[in-house]
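Enquirer: next one to model:
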Amino acid sequence: MQLASDPVALLLQPYIPVAEAIGGTPPRSIFESVEGGERDEQCASAADGSWECLLDAAGRIKTIFLFGDKGCVFPYGLANGMSQVEVTARLGAPTSSRSELHDALLGPYGAAARWDNPDYCLHAEYGVDAGGLKMLTFMLPENAPKSA
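Expert: Numbering: from 1, shown residues only. Next up, the predicted model:
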């Protein structure tokens with residue numbers, strides 16, 4: 001079983017029982033600053049770094065990051081390096097999108113698009129300078145940022 005074959009089916013699944021089947025590392029804690037202090041979250045990844053998962057407090061998968069530039073195979077016939085036009089042809093028009101932008105502190109960001117569905121959101125990130133598809137993020141709707 002590969003996580004990338006059907007990431008949506010793994011959302012909200014307990015990570016520990018599927019970790020071996022998808023070739024994942026043991027979960028590790030990360031600390032993230034939030035209003036009112038810090039909270040403990042867990043993440044896990046493929047040994048080769050081709051994907052990562054964020055887990056909720058109960059250890060269920062809430063967000064899945066697939067990294068095409070690190071060798072992850074994408075679902076839905078998508079492939080690393082595909083253009084925005086090719087991705088849209090496969091997935092339909094996105095719910096929201098953003099053009100490339102440049103942050104004075106962090107540098108350039110490639111374009112992005114998001115498809116909102118009742119049970120999950122799919123976010124696609126592209127490389128800078130009209131670079132192709134490089135990352136897909138599958139997440140629960142409540143974990144999706146307000147904009148792409």
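Enquirer: work out the gap between stretch 131-146 and the centre of the chain.
Expert: Relative to the mean C-alpha coordinate of its chain, stretch 131-146 is positioned 5 Å out (Cα atoms, centre = their mean, to the nearest Å).
Enquirer: which positions in it come out as buried?
Expert: Across stretch 131-146, burial judged by 16 or more other Cβ atoms under 10 Å covers Gly132, Leu133, Lys134, Met135, Leu136, Thr137, Phe138, Met139, Leu140, Ala144. No exception for glycine: its C-beta is placed from N, CA and C like everyone else's.
Enquirer: now do that stretch, average pLDDT.
Expert: Stretch 131-146 carries an average pLDDT of 91.
Enquirer: thinking again about what came up before, of the buried residues of stretch 131-146, closest to Pro14?
Expert: Relative to Pro14, the closest of those is Leu140; by Cβ to Cβ it sits at 14.5 Å.
Enquirer: could you pull out the strands in this protein for me?
Expert: Assigned by DSSP state E, the chain shows strands spanning 28-34, 37-45, 51-55, 61-67, 96-98, 101-103, 107-109, 112-116, 121-126, 133-139.
Enquirer: with distance to Tyr120 added, can I get the buried residues of stretch 131-146 in JSON lines?
Expert: Shown next, in JSON lines, are these (distance: Cβ to Cβ, whole Å):
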{"residue": "Gly132", "distance to Tyr120": "23"}
{"residue": "Leu133", "distance to Tyr120": "18"}
{"residue": "Lys134", "distance to Tyr120": "20"}
{"residue": "Met135", "distance to Tyr120": "16"}
{"residue": "Leu136", "distance to Tyr120": "11"}
{"residue": "Thr137", "distance to Tyr120": "10"}
{"residue": "Phe138", "distance to Tyr120": "6"}
{"residue": "Met139", "distance to Tyr120": "7"}
{"residue": "Leu140", "distance to Tyr120": "6"}
{"residue": "Ala144", "distance to Tyr120": "9"}
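Enquirer: these: which two are farthest apart?
Expert: Gly132 and Leu140 (26.7 Å).
Enquirer: picking that back up, turn the strands of the chain into JSON lines, columns for distance to Gly77.
Expert: Formatted as JSON lines, the strands of the chain follow (distance: least, Cβ to Cβ, whole Å):
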{"stretch": "strand 28-34", "distance to Gly77": "32"}
{"stretch": "strand 37-45", "distance to Gly77": "24"}
{"stretch": "strand 51-55", "distance to Gly77": "18"}
{"stretch": "strand 61-67", "distance to Gly77": "14"}
{"stretch": "strand 96-98", "distance to Gly77": "20"}
{"stretch": "strand 101-103", "distance to Gly77": "28"}
{"stretch": "strand 107-109", "distance to Gly77": "25"}
{"stretch": "strand 112-116", "distance to Gly77": "15"}
{"stretch": "strand 121-126", "distance to Gly77": "13"}
{"stretch": "strand 133-139", "distance to Gly77": "12"}
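Enquirer: much appreciated, bye for now.
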